[in-house]
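*Asks:* Predicted coordinates and the sequence they were generated for:
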Amino acid sequence: MKLNRHILLAAAVAMTAPFAFAPVAQANDDEVLPIFSEFTIDSITAKVTKGINLTNDANGSLGAYSDFYYNDGTTNIDFNDSSLRKAVEGKSNAFTFGNESVVFNFDKALGQSRTDIKSDRWAPTGANAEKNTSDYLAVFQGNSVTVDLADSLNYFGMNWGALSSSNKFEFLQVDDSGAETSLGLFDYNNVFGSSDSKLPTQAAHQNNEYNGFVHFYANETDGLFNRIKITQEGGGGFETDNYSFRFSDESFDFEEGTDAAETPEPGALLGLVAMGGMFIRRRLMA
């Protein structure tokens with residue numbers, strides 16, 4: 001029995017050591033995501049970063065993508081492959097772009113009021129202000145787009161370029177009867193404090209217009225949304241690209257880029273250690 005006890009004791013040490021002595025993982029100062037602007041309305045927070053260039057697009061010619069692009073659970077949509085654009089049956093001016101859970105509803109036909117999928121120098125830039133030569137979505141006064149989601153989101157991000165003071169986002173929760181509840185109206189002024197100086201990149205090829213990647217997320221479950229309205233009021237355009245979504249019924253942990261429920265609390269780890277210790281102790285005493 002001594003041999004068995006020794007074996008079990010060694011197993012106990014092996015099982016508990018990673019939990020008992022390893023510190024809770026935290027990003028060091030070099031890993032903290034730089035935030036250039038931040039604004040919260042109730043349970044929805046907006047934060048602005050530079051975004052990232054994809055690993056296969058180091059020169060940023062596709063524009064900036066979400067810092068969470070490669071995270072599990074992130075759904076990404078760009079407008080680069082025209083074969084993915086599908087009209088939604090039974091709806092006018094409604095399209096999907098590679099994912100049927102995300103429907104873009106336009107007030108008017110694409111191409112009217114200058115609203116369209118296009119490629120020109122006003123495309124939102126790469127993470128370091130590189131010229132984006134890919135397709136992007138432009139919305140102008142006289143047209144707008146409502147993005148309907150099959151389920152609730154806790155996160156939405158997009159490359160926002162050549163900013164205009166009349167760019168507006170509204171986040172809504174739609175119930176089964178179709179009734180809308182507005183959760184927050186964000187615009188250029190409240191996200192950036194009416195100051196372009198808080199934007200991360202400035203593009204020489206756009207007459208020094210500013211660009212950035214804006215992240216909207218539910219900081220509490222009350223902020224979960226399933227509809228996004230994108231409008232342009234007044235002159236100028238609303239240039240966007242490289243959308244990212246996260247379907248979830250939990251709030252979003254921005255620091256970890258996951259659902260808040262997926263981030264283990266230190267107390268939970270200690271609980272696992274205690275349970276493991278009790279199990280080993282019982283086996284030793286048996």
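*Replies:* Now that the structure is in, tell me what you want to look at.
*Asks:* My guess is F104 contacts K91. True?
*Replies:* No - using Cβ atoms under 8 Å, F104 is not in contact with K91; the gap is 10.4 Å. C-betas here are computed from N, CA, C, even on glycine.
*Asks:* Show me which of those two is the more surrounded one.
*Replies:* F104 (23 against 11; other Cβ atoms under 10 Å).
*Asks:* contacting residues around the more buried one?
*Replies:* A94, F95, T96, F97, V145, T146, V147 (Cβ atoms under 8 Å, 6 or more residues apart in numbering).
*Asks:* Show me which residues of the helix or strand where the fifth one lies are buried.
*Replies:* With elements delineated by DSSP states H and E, V145 resides in strand 144-161, which encompasses its position. Neighbour-count burial for strand 144-161, with 16 or more other Cβ atoms under 10 Å as criterion, is recorded at 144-149, 152-161.
*Asks:* Can you spell out which helices and strands pack onto that strand?
*Replies:* Applying 3 or more Cβ pairs under 8 Å, 6 or more residues apart in numbering; DSSP states H and E, one finds that strand 144-161 makes contact with strand 102-106, strand 136-140, strand 167-174, strand 209-218, strand 225-232, strand 237-247.
*Asks:* L185 and N207, how far apart?
*Replies:* Noted for L185: a distance of 28 Å to N207, by Cβ to Cβ, to the nearest Å.
*Asks:* want to try a markdown table for the contacts of F104, with distance to S43 as columns?
*Replies:* Listed next are these as a markdown table, based on distance: Cβ to Cβ, whole Å:
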| residue | distance to S43 |
| --- | --- |
| A94 | 28 |
| F95 | 30 |
| T96 | 28 |
| F97 | 28 |
| V145 | 23 |
| T146 | 21 |
| V147 | 19 |
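*Asks:* what two of those are the furthest from one another?
*Replies:* Maximum pairwise distance in these, criterion Cβ to Cβ, is 14.4 Å, between F97 and T146.
*Asks:* Which one's more surrounded, L185 and N207?
*Replies:* Counted by other Cβ under 10 Å, L185 and N207 do not tie: L185 has more neighbours, with 14 against 10.
*Asks:* Thanks a lot, catch you later.
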